[in-house]
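**Q** Okay, predicted coordinates and the sequence, questions at the end:
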Amino acid sequence: MNPKRLLIIDDHDDVREALEARLSAAPEIDVVGCTSSWEVGLQRALKLEPDVVLLETKRTDGEGLEALQCLADRCAGAEVIVLTSYLDAEERDVAWSNGAARYLLKDIDTDRLVKEIQSLTQ
């Protein structure tokens, strides 16, 4: 099985760096980029064509769901996983309707996260 190409978009530096380190160590994942800015992330997604984008929607700029909608609309080849700090049922419902493939919490262990990423087919 080929590694899934992954782009990480999270405006929390420590979390983004930890995710990159955790997932880069998994042979099933090829981390092709990381950024805090969803606008930069969108441009990288268009250029790098990842299979999966990990996106934090609870952003300090309040534009997480807008970012999800833009990624879903403009990057048809990428599945978007919302990886967020805490469950918000309303946000989850909006995320599903805006194109999220998964809605997961950041406390997920690495093996489970890798399985969730690998389970996406497109």
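**A** Nice, I can see it.

**Q** element containing E20?
**A** In this structure, E20 sits in helix 13-24 according to DSSP states H and E.

**Q** So which other helices or strands are in contact with that helix?
**A** strand 4-9, strand 29-35, helix 110-119 (3 or more CB pairs under 8 Å, 6 or more residues apart in numbering; DSSP states H and E). C-beta: built from backbone N, CA, C; applies to glycine.

**Q** Please find the angle between the direction vectors of that helix and strand 29-35.
**A** 160 degrees (axes from the mean of the first three to the mean of the last three CA atoms, to 10 degrees).

**Q** Identify each buried residue in helix 13-24, please.
**A** Neighbour-count burial for helix 13-24 flags R16, L19, E20, R22, L23 (criterion: 16 or more other CB atoms under 10 Å).

**Q** Please state the backbone phi and psi of A78?
**A** phi -110, psi 140 (degrees, to the nearest 10).

**Q** you'd agree L19 is up against E56?
**A** No - L19 sits out of contact with E56 when judged by CB atoms under 8 Å, with a separation of 9.5 Å.

**Q** which neighbours do these two share?
**A** D10, L83 (CB atoms under 8 Å, 6 or more residues apart in numbering).

**Q** The residue nearest to K4 when sequence neighbours are not counted: neighbouring residues, count only.
**A** Distance criterion CB to CB, 6 or more residues apart in numbering; nearest residue to K4, sequence neighbours excluded, is D51 at 4.6 Å. The number of residues packed near D51 is 21, by other CB atoms under 10 Å.

**Q** out of the helices and strands packed on helix 13-24, nearest to L71?
**A** strand 4-9 (8.2 Å; CB to CB).

**Q** quick one: strands adjacent to the closest one?
**A** Take DSSP bridges as the rule and strand 4-9 pairs in its sheet with strand 29-35 (parallel), strand 52-55 (parallel).

**Q** tell me the contacts of the residue nearest the centre of the chain?
**A** With distances taken as CA atoms, centre = their mean, L54 lies nearest the centre of the chain, 0.9 Å away. Residues near L54 by CB under 8 Å, 6+ apart: L6, L7, I8, I9, D10, L19, I81, L83.

**Q** Make sure the last one is actually in contact with K58.
**A** I take that to be L83. No - contact criterion CB under 8 Å: L83 and K58 do not qualify, at 10.1 Å.
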